[in-house]
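Novice: dropping the sequence and predicted coords here.
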Amino acid sequence: MGAGHSHTHNANKKALMIGFIITTSYMIVEAIGGWLTNSLALLADAGHMLSDSVSLGVGVAAFVMGEKAADASKTYGYKRFEVLAALFNGVTLTLISIYIFYEAYHRFADPPEVASGGMLVIAVIGLIVNLVVAWILNRSGDTKDNLNVRAAFLHVLGDLLGSVGAIIAALLIMFFSWGWADPLASVIVAMLVLISGWRVTKDSLHVLMEGTPQNVDLGDVKKTVESIQGVTGVHDLHVWSITSGQNALSCHAVVDGNLSIRESEQLVQLIGQKLLEKNIGHATIQMESDDHPHEESLLCELGSDDSAAGHDHQH
């Protein structure tokens, strides 16, 4: 499992690094092109590409930081930095979309002249660049389970659609002289950016708030542990993510009080193996005998004032 995780980690880092180099290079070209052609749609796309570049760069930094070994100060290491990077990206996307809305509002009132020919060429090249980066991230990176890579991938997808919008706007200006098409395209881009930003921010906050991972069914986990012979009950059950793809669990397992130390150790190992099948790789299990007085309900009323105050029940 460790080797597999290491391979995925390196593949994600490599995909982000390649994407960062390509995106940053073209972002500079598109920003200059947007300024020369006076196209807000291109400038909006360049701004989004800037956020892409920052997203990819921070993503690479997050993986590098995540490789630092755990120490007495950071007992889980620096893996949470990946989630912080995703949160940063989500907030950045949201702020960029608000700025684009602001600029588009003024351009609707007074559409400026736009060099549609140059705008079209730059937008087409931008579309190709975004397609390449999106393909690299989707092919080599874990866009499903790794929040950091998924945040970067959503950045690029939004930018890809932005390039399509800029192409359509350039064609409308070129053939129909519809100057309002440029700010309209930028508004559509801003809406896509805002949606992506909200989703990434929400998912990041869920991890930071120790929410139950999306790929873990808490009820199913409890049933799985209680179905193991020798386990009569489970309480104080908590499941959270250390970072994307690394879920952790802690619980109290009530077992037969007549079990020997060796049998208890074997039982813990068996529970750990079962939890691996439920996407939980790190488990801390406290064993309790079945004559242990415990009158609290499922999950020890998880979320109640008593639970939040530190589980005041007696052991």
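Specialist: All right, it came through fine. Residues are numbered from 1 along each chain as shown.
Novice: please report how far the spatially closest residue to I173 that is not a sequence neighbour lies from G77.
Specialist: Leaving aside its chain neighbours, I173 sits nearest to S116 (4.1 Å; criterion: Cβ to Cβ, 6 or more residues apart in numbering). Quick note: C-beta positions are derived from backbone N, CA and C, even for glycine. Plainly put, S116 is 52 Å away from G77 if you go by Cβ to Cβ, to the nearest Å.
Novice: looking at the two, which is more packed in?
Specialist: Between S116 and G77, counted using other Cβ atoms under 10 Å, S116 has the larger neighbour count: 22 against 16.
Novice: quick one, domains of the chain?
Specialist: Taking the TED database as the domain assignment, the ranges for the chain are 9-209, 218-289.
Novice: identify the residues contacting the residue nearest to I173.
Specialist: Neighbour list for S116: 37, 170-171, 173-174 [criterion: Cβ atoms under 8 Å, 6 or more residues apart in numbering].
Novice: any weak-confidence spans in the stretch 1-150 of the chain?
Specialist: Applying pLDDT under 70 to the stretch 1-150 of the chain flags residues 1-9, 45, 48, 51, 55, 66, 142-148.
Novice: show me where it has helices.
Specialist: Listed in chain order, the helices of the stretch 1-150 of the chain (DSSP state H, counting those that start in this stretch) span 2-37, 40-66, 81-109, 116-140, 147-176.
Novice: Throw those into a markdown table and include distance to N279, thanks.
Specialist: Putting these into a markdown table (distance: least, Cβ to Cβ, whole Å) gives the following:
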| stretch | distance to N279 |
| --- | --- |
| helix 2-37 | 13 |
| helix 40-66 | 19 |
| helix 81-109 | 17 |
| helix 116-140 | 22 |
| helix 147-176 | 14 |
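Novice: ok, which of those helices comes nearest L205?
Specialist: With respect to L205, and counting by Cβ to Cβ, the nearest of these is helix 81-109 at 6.9 Å.
Novice: name the residues of that closest one that are buried.
Specialist: For helix 81-109, the buried set under the neighbour-count rule, 16 or more other Cβ atoms under 10 Å, comprises 81-90, 92-94, 96-97, 100-101, 103-104, 107.
Novice: shouldn't H235 be within a helix?
Specialist: No. According to DSSP: H, G, I helix; E, B strand; the rest coil, H235 belongs to no helix; its state is strand.
Novice: is it in contact with E226, as I believe?
Specialist: No. If you go by Cβ atoms under 8 Å, H235 and E226 don't touch, sitting 10.5 Å apart.
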